[in-house]
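Peer 1: Any chance you could fold what I've pasted below:
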Amino acid sequence: MRTWKATIDLTKACGFTLIEVMVVIVIVGILASVAIPSYTDYVVRGKLVDAHTALADYRVRMEQFYQDNRQYNTGTTTTCGMAVPTSRFFDLSCTPGASPSQTYTATAEAKAGQGLGSADDFVFTIDHMNARATTKFYGATSTQTCWLSKQGASC
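Peer 2: Reported below is the predicted structural model:
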């Protein structure tokens with residue numbers, strides 16, 4: 001009968017060297033330094049759509065209100081004639097012109113603590129003429145006559 005012995009040959013290398021591990025860590029660090037800012041920007045762009053959608057929907061509802069009442073406010077208040085929609089990421093407001101109002105401006109301002117930076121870092125408006133504007137973008141004052149959704153973009 002034959003018996004087998006298990007032997008370990010210590011002359012052969014097993015595992016990784018410190019240099020190999022450090023190279024992998026450097027590669028992962030470089031990939032993360034590129035991927036994390038891109039992902040963060042992607043998430044912010046997704047949240048900006050919430051303001052654009054809410055303002056566009058509000059404008060349609062304001063035009064329906066105008067068709068029924070021939071003005072954008074009720075005539076007895078200083079607010080627009082309808083309730084302003086709510087948004088998870090933005091505070092929406094509406095400012096009518098003088099009563100009886102034939103004009104209005106609806107505004108969406110970023111809320112603090114919602115992944116969009118400080119409060120009011122993003123401000124979008126729309127008015128009775130469907131004129132869209134970005135008045136603040138990533139905290140900087142803007143004069144763009146459209147709703148921006150990406151850094152470096154223009155109308």
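Peer 1: from here on, contacts and neighbour counts on C-alpha atoms
Peer 2: Noted.
Peer 1: tally of neighbours for the spatially closest residue to V44 that is not a sequence neighbour?
Peer 2: Nearest residue to V44, sequence neighbours excluded (Cα to Cα, 6 or more residues apart in numbering): L116, at 6.3 Å. A count of neighbours around L116, defined by other Cα atoms under 10 Å, yields 23.
Peer 1: Give me the pLDDT for L116.
Peer 2: Confidence at L116, expressed as pLDDT, is 88.
Peer 1: any idea how far R59 is from G113?
Peer 2: 27 Å (Cα to Cα, to the nearest Å).
Peer 1: quick one: secondary structure of the residue nearest to V44?
Peer 2: coil (DSSP: H, G, I helix; E, B strand; the rest coil).
Peer 1: What residues does it make contact with?
Peer 2: V44, K47, F89, A110, F122 (Cα atoms under 8 Å, 6 or more residues apart in numbering).
Peer 1: from those residues, which single one is nearest V23?
Peer 2: Of all those, V44 has the smallest distance to V23: 32.3 Å, by Cα to Cα.
Peer 1: list the helices and strands the helix or strand where the closest one lies packs on?
Peer 2: Assigned by DSSP states H and E, V44 belongs to helix 18-69. In this structure, helix 18-69 packs against strand 104-110, strand 123-127, with contacts taken as 3 or more Cα pairs under 8 Å, 6 or more residues apart in numbering; DSSP states H and E.
Peer 1: The longest one: how far from the chain's middle?
Peer 2: The gap between where strand 104-110 is centred and where its chain is centred comes out at 15 Å by Cα atoms, centre = their mean, to the nearest Å.
Peer 1: got it, and stretch 34-46?
Peer 2: 10 Å.
Peer 1: In that stretch, which residues are buried?
Peer 2: V44, R45 (16 or more other Cα atoms under 10 Å).
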